[in-house]
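Q: fold the following, please.
(4 chains)
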Protein chains: 2
Amino acid sequence: MTGTRTYHHGDLRRALLAAALEAIEEVGPAALSLRDLARRAGVSHAAPAHHFGDKAGLLTALATQGFEALAEVLAASGDDLLAAGVAYVDFAVRHRAHFEVMFRPELYRADDAELVAARERAGSALRAGVSALPSRGEPGDADRDALAAWSIAHGFATLWLAGALPGRVGEEPRDAAREVLKRLAR
Amino acid sequence: MTGTRTYHHGDLRRALLAAALEAIEEVGPAALSLRDLARRAGVSHAAPAHHFGDKAGLLTALATQGFEALAEVLAASGDDLLAAGVAYVDFAVRHRAHFEVMFRPELYRADDAELVAARERAGSALRAGVSALPSRGEPGDADRDALAAWSIAHGFATLWLAGALPGRVGEEPRDAAREVLKRLAR
DNA sequence: GATGGCATCTTGTCAACGTCAAGATAGGAT
DNA sequence: ATCCTATCTTGACGTTGACAAGATGCCATC
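A: Model (predicted):
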């Protein structure tokens, strides 16, 4: 990271992941080009393959990063379900590139061991917020409560990212999300 | 459509759209290849360009079809908000290829006139179900109610399609969706 | 401190792709 | 009968992901 160009980049793996996040925010995860990443990092066109094998390998690494970061964000939001939902939406908007890759499993290797572990950590963090709610009714309801909460947060985030929401909802995703998500918790 | 191979296909535009739906269900909308579609239809590799201009043009046509079909489905579900939500999820699962294209505006021309019209028809049909609900509270609440309903249905559908849901939710999307969506209407 | 091993990166190549330009074909109007 | 024009083919160009083979330099070992 000294800026001098040596034969060995020194931190190419990290540089490529960072460049990939930028590129995905610009053109989306599907239009990502390994050769473009190589140009951004100042290395030859075949250099990325050494670190990630192929394009799916790079996206697998990004998705894993994403699930780990999401797990942290959800854990930090504590036991408040509404806060967790708002944090979920906020994560999607702030880490748009990560989020978009995470939920396009056809682009990466969804059975990768590290990725599966990270995804399960995020899933646990997500269910933790719901299990804090008072239990009511029959068994299995808690699962469906969790799924309802996940669905509304995920749906709002996805629609926001797709630009499908009318301008009326405002500019600040956290505020808009809170207004919508609280309709479930009632 | 006689099966004989003439110089003029006769119904190439329709054949290409049908082939595209098949291909998208197999490999996703991003990995769609125009040359593959041409092979499936039995025409030369450049034939698709004549009907759709380019790849984005073909996906624009598919997205337009999708919004029109969704508008019909929602209109047919009547004034019941829960039924509309279930119909939304059912549409996404049954017309997976259409649905996946519709909400990836970076892949097509989102400002195309026909597409915008179809999308607005679908949006109107969606809001119609919510406006039938008894109004409560301040103005603007109806918009947010609609957005909450759309979010939970869209989120559930998206998570289902991404394969992100645990196996416990079952095989039949309509039943699973109803159990989840009804938690909002309470 | 020299040497060898090995991860890292480069160079060269290939098939497949989207797109464009130019030409061939045929159906229908005049 | 003739031309017009939409439809489709052929050929080409630049870009991409992937693979193979070679170049480079760090690092442990002696």
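
Q: domain parsing for chain A?
A: Chain A is divided into the following domains under automatic domain parsing: A:12-53, A:56-185.

Q: mind telling me what element A:L181 is part of?
A: In the assignment (DSSP states H and E), A:L181 maps to helix A:173-185.

Q: ok, residues contacting that helix?
A: Contact with helix A:173-185 is made by A:81-82, A:85-86, A:89-90, A:93, A:148-149, A:152-153, A:156-157, A:160, A:165, A:169-170, B:144-145, B:147-148, B:151-152, B:183-184, as judged by C-beta atoms under 8 Å, 6 or more residues apart in numbering or on different chains. Bear in mind the C-beta positions are built from the backbone N, C-alpha and C, glycine included.

Q: and those residues, which are buried?
A: A:81-82, A:85-86, A:89-90, A:148-149, A:152-153, A:156-157, A:160, A:165, A:169, B:144-145, B:147-148, B:151-152, B:183-184 (16 or more other C-beta atoms under 10 Å in any protein chain shown).

Q: next step: the residues you listed restricted to helices.
A: A:81-82, A:85-86, A:89-90, A:148-149, A:152-153, A:156-157, A:160, B:144-145, B:147-148, B:151-152, B:183-184 (DSSP state H).

Q: return the per-residue confidence for A:G78.
A: pLDDT recorded at A:G78 is 84.

Q: for the lowest-mean-pLDDT helix or strand in chain A, packing partners?
A: Within chain A, no helix or strand scores below helix A:113-131, which has a mean of 91 by mean pLDDT, DSSP states H and E. Helix A:113-131 is packed against helix A:55-76, helix A:81-94, helix A:141-161, with contacts defined by 3 or more C-beta pairs under 8 Å, 6 or more residues apart in numbering or on different chains; DSSP states H and E.

Q: and A:E68, how many residues sit next to it?
A: Residues lying near A:E68 (other C-beta atoms under 10 Å in any protein chain shown) number 18.

Q: sorry, back to before: and DNA strand C, which of the helices and strands packed on helix A:113-131 is closest to it?
A: Closest approach to DNA strand C among the helices and strands packed on helix A:113-131 is made by helix A:55-76 (13.0 Å; C-beta to the nearest atom of the strand).

Q: is A:A75 in contact with A:A125, as I believe?
A: Yes. With contacts defined as C-beta atoms under 8 Å, A:A75 counts as touching A:A125 at a distance of 4.9 Å.

Q: who has more neighbours, the two?
A: A:A125 (20 against 17).

Q: distance of whichever residue of chain A sits closest to DNA strand D from chain B?
A: Using C-beta to the nearest atom of the strand, the single residue of chain A nearest to DNA strand D is A:D54, 3.2 Å away. Per C-beta to the nearest C-beta, to the nearest Å, A:D54 is found 14 Å from chain B.

Q: contacts only, for A:Y88.
A: By C-beta under 8 Å, 6+ apart, A:Y88 lies in contact with A:L70, A:V73, A:L74, A:L126, A:W150, A:A153, A:H154, A:A157.

Q: next, count neighbours for A:A18.
A: The burial count for A:A18: 14, using other C-beta under 10 Å.

Q: which SS class is it?
A: Secondary structure state of A:A18, per DSSP: H, G, I helix; E, B strand; the rest coil, is helix.

Q: element containing A:A49?
A: Using DSSP H and E, A:A49 sits within helix A:47-52.

Q: buried ones in that helix, by neighbour count?
A: Buried residues in helix A:47-52, counted by 16+ other C-beta under 10 Å: A:A47, A:P48, A:H51, A:F52.

Q: now, among those residues, which is nearest to B:G140?
A: Proximity to B:G140 was ranked across the buried residues of helix A:47-52 by C-beta to C-beta; first place goes to A:F52, at 47.2 Å.

Q: so the closest one is in contact with A:L58, correct?
A: Yes. Here A:F52 reaches A:L58: they are 4.0 Å apart, a contact under C-beta under 8 Å.

Q: what do these two both touch?
A: With C-beta under 8 Å, 6+ apart as the test, A:F52 and A:L58 both reach A:L16.

Q: enumerate the residues of chain A near DNA strand C.
A: Within reach of DNA strand C by C-beta under 7 Å from any atom of the strand, chain A has these residues: A:7-10, A:12-13, A:38, A:43-47, A:50-51.

Q: would TSV of the helices and strands packed on helix A:113-131 with distance to B:E22 be doable?
A: Formatted as TSV, the helices and strands packed on helix A:113-131 follow (distance: least, C-beta to C-beta, whole Å):
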stretch	distance to B:E22
helix A:55-76	23
helix A:81-94	31
helix A:141-161	25
